[in-house]
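Participant: build me a structure from this.
(chains A and B)
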Amino acid sequence: MAELDEERKALDRRYRKAVQDARDRGCEDIVRSFEDHAGTSKAVIARPLWETMRLASGDHQVYSTYHQQTEQELQVPDGSGWDPLRRVGEPALFGEYTREIRFGALTLDGTGVESYGECSWVLRDDMIAHRASVFEENALTFMRRHRVQVAKVDKIPAGYRAAWEDRAKLCVAKLAGRINGTTSPQDFGALLVTPGRTSKDDEFVEVHIGGPLTVRAFKRVILNNSKRRRLLVRSLRRDLKRFAVPLEVVS
Amino acid sequence: MNAMISGRNGVALVVDGNRLASIHVDEPDRIIPREPGEIRFLIGEGRDFIPFEDVSPGEIAEQLTLARSREDALTLTLILLDSRHSDGLRREVAEDLSKLLAREDVINYVESVLYAEPLPDEGDLAGGLRLAREAGATIVRGMLERFGNRQDAIAAVREAWNAMPSATFDGERKRWQAVAVREGLFRSLVLLYGSGGDVKKLLITASKRPAVRSLPNHRVVLRSWISPFLQFSEQEQTRPDRFVALDPWLVAEPKDEYDKPEQG
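Facilitator: Numbers count the residues shown, from 1 in each chain, chains lettered A, B, ... in the order given. A predicted model of the protein is given here:
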């Protein structure tokens, strides 16, 4: 409880400092507008078509019976040639805490971090608000930047994460410095998710969602065009329709 | 370099010395450097990653494309067997599936998965066959006919598998099953048993597979699995009521040809 209180206080200090800075630069109104927009942001998870189809099939027996046959936990083979991948699999990723966490990004327009999958799942607030929090950026990138060892995940500095209902405050604390007198509301979406030169330079506010996701948590799905797999897309559209989830296909 | 390949995710996680990278099926010629923090997004819920060692980027791209074709073919097959979908969609699926199944390794993979479980009650095999026939999808029709004809053998092989106690697998039943399905062991045993062949040939087939040999208790599991069919064979047409591994030679340390590693 005390830790949560300290988190809130630290975030509040960063937030007030960012707003004061905007005021000094004469763009407080725009930052306030950004805050309003950020307060309506959604969580988005970019995943492959196959994974989307699996969820959209619900618990259909034919589908699950056969697809589960080949499933197993990720097994990194023995041997030094696999060490970099094995290190990735250490506690910060697959430990008790993170095993049940789904990672996403905040979005205003449904755009996710596309390099992780052609489908963007835009999630319903009412299905995740009670179990979601937001983090300044990719958590592992943050830990590396702040020299926090993965085994000491509890040593992350305070003020860089927030409960779902406080996500706008975190967005202001992180991004107000990039807003100036020429920033318009049309720019706000790109502030939240900024593609980098390479995928490792992608910037976003990371969303952590505790527990499993089902198709019922989807508000809509956006698919980057996959012409060569049109029949799978038609099947997906039909399955999503059963759950009243629209599928938008974009080029 | 080494790679973990997922046909479902359409991605290969590449390890080259100390560096991490990924190759994606839609752009197989491009190697994207990755930070450790990105890997979890690439893995997601993926549970079909297969390791490949000492492979070139070209070989990774080839295996990735094949893995994607296999998964797409399996998914299309399941759509074809699913009466919730319209006949129009299923007919088109049969047509597309024909092209994918033209590759022997793709059709073998689809059969490897299908033969691991009897078709659930809600599976529409008759409808799938009719639509494949209407679409002129001969190769699809053939695959479904064989699948239908082998349901009894598939059920028997699955029953024998389920009857093995968990202890046999040394706590790795799920991993064992994934490998047994993927490596086609269910399919092989169904074909041997269903045709009255020598089920002990499975031991030869399986023991040549590095993925199988790397599993705990592989000899014991395989011998235990085939034991009901040996009893069946020896008792001449009297199918056992319960599948249990009792024959001592089946669980003894092997000294026969079945356990020799593949040469060369």
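Participant: going by C-alpha atoms from here, please, whenever you check contacts or count neighbours.
Facilitator: OK.
Participant: sec struct for the closest residue to residue A:31 other than its chain neighbours, please.
Facilitator: Leaving aside its chain neighbours, residue A:31 sits nearest to residue A:176 (6.1 Å; criterion: Cα to Cα, 6 or more residues apart in numbering or on different chains). State at residue A:176, reduced to three classes by DSSP: H, G, I helix; E, B strand; the rest coil: helix.
Participant: got it, and the one 5 residues further on?
Facilitator: At residue A:181, secondary structure determined by three-state DSSP is coil.
Participant: quick one: contacts for it?
Facilitator: A:26, A:27, A:30 (Cα atoms under 8 Å, 6 or more residues apart in numbering or on different chains).
Participant: show only the entries of the residues you listed found in helices.
Facilitator: Assigned to helices by DSSP state H, the following of those qualify: residue A:30.
Participant: just the buried members of the contacts of residue A:181?
Facilitator: A:27, A:30 (16 or more other Cα atoms under 10 Å in any protein chain shown).
Participant: closest to chain B among the contacts of residue A:181?
Facilitator: residue A:30 (32.4 Å; Cα to the nearest Cα).
Participant: I figured that closest one hits residue A:178, correct?
Facilitator: No. Taking contacts as Cα atoms under 8 Å, residue A:30 lies outside contact range of residue A:178: 11.1 Å.
Participant: for the record, mean pLDDT for stretch A:159-170?
Facilitator: Here stretch A:159-170 scores 94 as its mean pLDDT.
Participant: buried residues in it?
Facilitator: Neighbour-count burial for stretch A:159-170, counted by 16+ other Cα under 10 Å, picks out A:159, A:160, A:161, A:162, A:163, A:164, A:166, A:167, A:168, A:169, A:170.
Participant: what helix or strand is whatever residue of chain B ends up closest to chain A on?
Facilitator: Closest to chain A within chain B is residue B:178: 4.1 Å, counting by Cα to the nearest Cα. Using DSSP states H and E, residue B:178 falls within helix B:173-182.
Participant: distance from that helix to the middle of the chain?
Facilitator: 8 Å (Cα atoms, centre = their mean, to the nearest Å).
Participant: packing partners of it?
Facilitator: If you count contacts as 3 or more Cα pairs under 8 Å, 6 or more residues apart in numbering or on different chains; DSSP states H and E, helix B:173-182 packs onto helix B:104-114, helix B:210-213.
Participant: can you put these in TSV and add mean neighbour count, mean pLDDT and distance to chain A?
Facilitator: Formatted as TSV, the helices and strands packed on helix B:173-182 follow (neighbours: other Cα atoms under 10 Å in any protein chain shown; pLDDT from 0 to 100; distance: least, Cα to the nearest Cα, whole Å):
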stretch	mean neighbour count	mean pLDDT	distance to chain A
helix B:104-114	21	96	6
helix B:210-213	16	90	10
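Participant: of all those helices, which one is nearest residue B:3?
Facilitator: Evaluated over the helices and strands packed on helix B:173-182, closeness to residue B:3 peaks at helix B:210-213, with 15.1 Å, by Cα to Cα.
Participant: kindly format the C-alpha coordinates of the closest one as PDB.
Facilitator: Extracted C-alpha coordinates of helix B:210-213, given in PDB (Å, rounded to 0.1, in the frame of the first residue of the first chain):
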ATOM      1  CA  PRO B 210      16.500 -36.300 -32.800                       C
ATOM      2  CA  ALA B 211      13.500 -34.500 -31.400                       C
ATOM      3  CA  VAL B 212      12.200 -37.800 -30.100                       C
ATOM      4  CA  ARG B 213      15.500 -39.000 -28.800                       C
END
